[in-house]
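Novice: Sequence first, predicted model second:
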Amino acid sequence: SSGINAEFAGHMNDSIHDIVEFAKRMPGFANLCHEDQLVLVKQGSFSVWVITHVVDSVHEWPSQINIGKNGTCISAKQLNLLYPSTLCDRLVKLVITMKSIKMSVEEAALLSCLTLLQPDQAPLKTEQQSV
C-alpha cells in the first residue's frame, strides 16, 4: 500500500501542476490574491483531476483508473486503500454518471472551471467580486 501511495502522490503532484496552469488561464483568476488562488486550487484539485481523467480514460473507468500521463493505472480496490470507501463509492457513481452523458473535453473544461471557482467551499480573503 505504501508503494501505491508514493506512486499516486507523484502522479497527483504532476496533475496539480497542470491544474495550476489551467487555473492561471481562467478569466479573472489572476485578479484574486495569491492566497485565494492557492485555496481554490487546493480545494478543487482532486475534483478537477477526477473530471479530466474520466474524460481522458472513459473506457477504462472505473475498473482501471489512469493516474498518470504515462498510462499508469490502479484499480478501484487500490483506490480504496488510499481513500475512505465512502469517497470511493461516490467517485465511482460520479464516473458512471459522467460516462453515461458522454462528456466532451470542452464540457469537462467548463465543469473544471466551475469546480475551481467555488469560494463557498473555503474562506477567501479577496472581497466578493465577479471573477
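Specialist: All right, it came through fine. Residues are numbered from 1 along each chain as shown.

Novice: now His11: how far from Ile74?
Specialist: Distance, His11 to Ile74, using Cβ to Cβ, to the nearest Å: 9 Å. C-betas here are computed from N, CA, C, even on glycine.

Novice: Can you tell me the element Arg90 falls in?
Specialist: Under the criterion of DSSP states H and E, Arg90 resides in helix 85-100.

Novice: helices or strands up against that helix?
Specialist: Contact here means 3 or more Cβ pairs under 8 Å, 6 or more residues apart in numbering; DSSP states H and E; on that basis helix 85-100 packs against helix 34-56, helix 76-82.

Novice: Compare those helices and say which comes out lowest on pLDDT.
Specialist: For the helices and strands packed on helix 85-100, mean pLDDT drops lowest on helix 76-82, to a mean of 79.

Novice: Sketch out the low-pLDDT regions of this protein for me.
Specialist: Scanning the chain for pLDDT under 70 picks out 1-2, 4, 54-63, 66-71, 119, 121-122, 127-131.

Novice: Now for Phe46, how many residues are close by?
Specialist: Close neighbours of Phe46, defined as other Cβ atoms under 10 Å, add up to 17.

Novice: Dump the helices and strands packed on helix 85-100 to TSV, plus distance to Leu111.
Specialist: Output for the helices and strands packed on helix 85-100, formatted as TSV (distance: least, Cβ to Cβ, whole Å):
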stretch	distance to Leu111
helix 34-56	5
helix 76-82	21
